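Visitor: need a structure here:
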Amino acid sequence: MSLNGKYVLESHENYNEFLQALGMSKVEVVNEDMVTDIYQGAYYRIAKFMGGDVLTNTFMPGKEAELEDLDGTTFMTTVNLEGGKIKIQFPKYVYTAEVSGDKLIEINSFPDGVTNKMVSRKLLD
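Guide: Residues are numbered from 1 along each chain as shown. Sure, this is the predicted structure:
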């Protein structure tokens, strides 16, 4: 299924706990202002708009790429596609994203059990 599109946040679970586990001192409230824009073509681009901040990562599945974490840390990793899901091993946690109907489901999981889930609905073009 194509991941292309813009998605606006509808609901989230444990986002502040996720940021705290990441070690971010500034914990922000997540709201409907969070938009995720995904481009899927010869390469993938995931841009997350959070208030005035934008985090953009570009990669080709199966190839090593330099990505950036929410705290600004850059790292090298290989992004994989598994069963229609994007799977990224960040330095401290695993991120997965998949589309189900008109919903984008993103999950961030730390090995110690802290898990954040965000569900966003696709915006009409």
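
Visitor: where does the chain have low pLDDT?
Guide: By pLDDT under 70, the low-scoring segments of the chain are 1, 25-32, 125.

Visitor: do that again at 80, thanks
Guide: Where the chain drops to pLDDT under 80, the residues are 1, 24-33, 51, 125.

Visitor: the strands in it, which residues?
Guide: In the chain, strands defined by DSSP state E lie at 5-13, 35-40, 44-50, 53-59, 64-68, 74-78, 80-82, 85-89, 94-100, 103-109, 115-122, listed in chain order.

Visitor: what angle do the longest one and strand 94-100 make?
Guide: By that I understand strand 5-13. Angle, strand 5-13 to strand 94-100, by axes from the mean of the first three to the mean of the last three C-alpha atoms, to 10 degrees: 120 degrees.

Visitor: which other helices and strands contact strand 5-13?
Guide: Counting contacts by 3 or more C-beta pairs under 8 Å, 6 or more residues apart in numbering; DSSP states H and E, strand 5-13 packs against strand 35-40, strand 103-109, strand 115-122. In this view, the C-beta of every residue, glycine as well, is placed from N, C-alpha and C.

Visitor: for the last one, packing partners?
Guide: Strand 115-122 makes packing contacts with strand 5-13, helix 15-22, strand 103-109 when contacts are defined by 3+ C-beta pairs under 8 Å, 6+ apart.

Visitor: please identify the buried residues of the second one?
Guide: By 16 or more other C-beta atoms under 10 Å, the buried positions in helix 15-22 come out as 15, 18-19, 21-22.

Visitor: which one of those is nearest residue 115?
Guide: Residue 115 lies nearest to residue 18 out of the buried residues of helix 15-22, by C-beta to C-beta, at 7.7 Å.

Visitor: is it true that that closest one touches residue 107?
Guide: No: judged on C-beta atoms under 8 Å, residue 18 makes no contact with residue 107 at a distance of 10.0 Å.

Visitor: this completes my enquiry, with thanks.
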